[in-house]
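> When you get a sec, could you give me coordinates for this:
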Amino acid sequence: MGTAPASRDVTSYGMGLAAPLALFFLVFFVAPLLQLLWLSLHNDTAGLHWGVGQYLHFLTDPFSLSVLGSTLLLGAEVTAVCLVLGFPIAWLYQRVGPRLQTVIILIVLLPLLTSVVVRTFAWIVILGRQGIINATLQSLGIIDTPLKLLYTQFGVVIALAQVQMPLMTLPLITALGRIDPNLDDASCSLGAGSWRTFFRIVLPLSLPGVIAGCTLTYAAAITAFITQSLIGGGQMLFMPMYLYQQASTLQNWPFASAISIIFLLAVLAVVSVFTTLGRMSRGYGGA
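This next block holds a predicted model:
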């Protein structure tokens, strides 16, 4: 009988603490999102005619759909590169001493300690025709003329992979750290090789970290406006720059708002897929 009032007091206290955060979320996220939705339902830039014409324009325009597809594909490529490079780093972190762990975690966190603009301009220097890569390859006699690395899909993927690598590696380090080391020894003692142990034990138990890293990396990669714009240049167009052009250059706010809503829904759809896979992986790993 006496626990009910106490529970209500605890609930009221918790709601009171959450109220400022809820208000902040309402003012700076929900309200702008509703305004975007309201703007996107205007068929003209003057805001005189209501309708879903902007959405129909985007969904029936091959160019707009190609920009959306290129952006989603870019996120998949960056995520794949980060996973392939990040998993060995996380695996190595769990198998070295404390001193080397400090060095590895410092290297992993280093991109987060540097401005994204500085990192992007550094990649422009590296990937340029007179950059480090081309200069090294020419000095070794591997190539005669500089390779075109800047303003290409390859350059954007590599730059974004380096920028987003911590978002993949840190969840993997956490997931691999939760695996009992005795499982590897037990697997080896039962006659399983290193690769079989990896695919039958390590990989299934690390799937939650893989899914979490893929979710964070994908969402960050497809919305990385600065890196996409500077490394891709004017020859490549992705959704963030497409939205910016419509809003700032052409002043077509209704269409820009529709692009924002469609892009948001596309990102939410991909994140939902990753979330579903994460729930399935927890059940698979637990089994």
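> alpha carbons only for contacts and neighbour counts from here, please
Fine.
> What part of this structure, helix or strand, is modelled with the least confidence?
Lowest by mean pLDDT, DSSP states H and E among the helices and strands of the chain is helix 3-25, with a mean of 69.
> and the longest helix along the chain, what other elements does it pack with?
In the chain, taking DSSP state H as the definition, the longest helix is helix 253-286. Contacts defined by 3 or more C-alpha pairs under 8 Å, 6 or more residues apart in numbering; DSSP states H and E place helix 253-286 against helix 31-40, helix 53-59, helix 203-222, helix 239-244.
> and the third one, how far from the chain's centre?
Once both centres are worked out by C-alpha atoms, centre = their mean, to the nearest Å, helix 203-222 turns out to sit 9 Å from its chain's centre.
> go on, the last one?
Taking the mean of its C-alpha atoms, helix 239-244 sits 17 Å from the chain's own mean (C-alpha atoms, centre = their mean).
> Could you tell me the average pLDDT over that helix, please?
Across helix 239-244, pLDDT averages out at 91.
> Please report phi then psi for the closest residue to Leu230 other than its chain neighbours.
Closest residue to Leu230 apart from its sequence neighbours, by C-alpha to C-alpha, 6 or more residues apart in numbering: Thr120 at 7.1 Å. Main-chain dihedrals, Thr120, degrees, to the nearest 10: phi -70, psi -40.
> for Thr120, what are its contacts?
Shown in contact with Thr120 (C-alpha atoms under 8 Å, 6 or more residues apart in numbering): Ala159, Ile226, Thr227, Leu230, Ile231.
> quick one: the first one and Thr227 touch, right?
Yes. Here Ala159 lies in contact with Thr227, judged by C-alpha atoms under 8 Å, at a distance of 7.3 Å.
> Who are the packing partners of the helix or strand encompassing Pro166?
Following DSSP states H and E, one finds Pro166 within helix 153-177. Here helix 153-177 touches helix 62-93, helix 98-109, helix 116-127, helix 203-222, helix 225-232, going by 3+ C-alpha pairs under 8 Å, 6+ apart.
> Quick check: buried residues in the third one?
By 16 or more other C-alpha atoms under 10 Å, the buried positions in helix 116-127 come out as Arg119, Thr120, Trp123, Ile124, Ile126, Leu127.
> From Met239, how far out is the second one?
In this case it means Thr120. Thr120 sits 18 Å away from Met239, going by C-alpha to C-alpha, to the nearest Å.
> next one: Ala22
29 Å.
> Pro62 too?
14 Å.
> the more surrounded of those two?
Between Pro62 and Met239, counted using other C-alpha atoms under 10 Å, the more crowded position is Met239 (25 against 11).
> Quick check, that one in contact with Gly69.
No. Between Met239 and Gly69 there is no contact under C-alpha under 8 Å: 9.2 Å.
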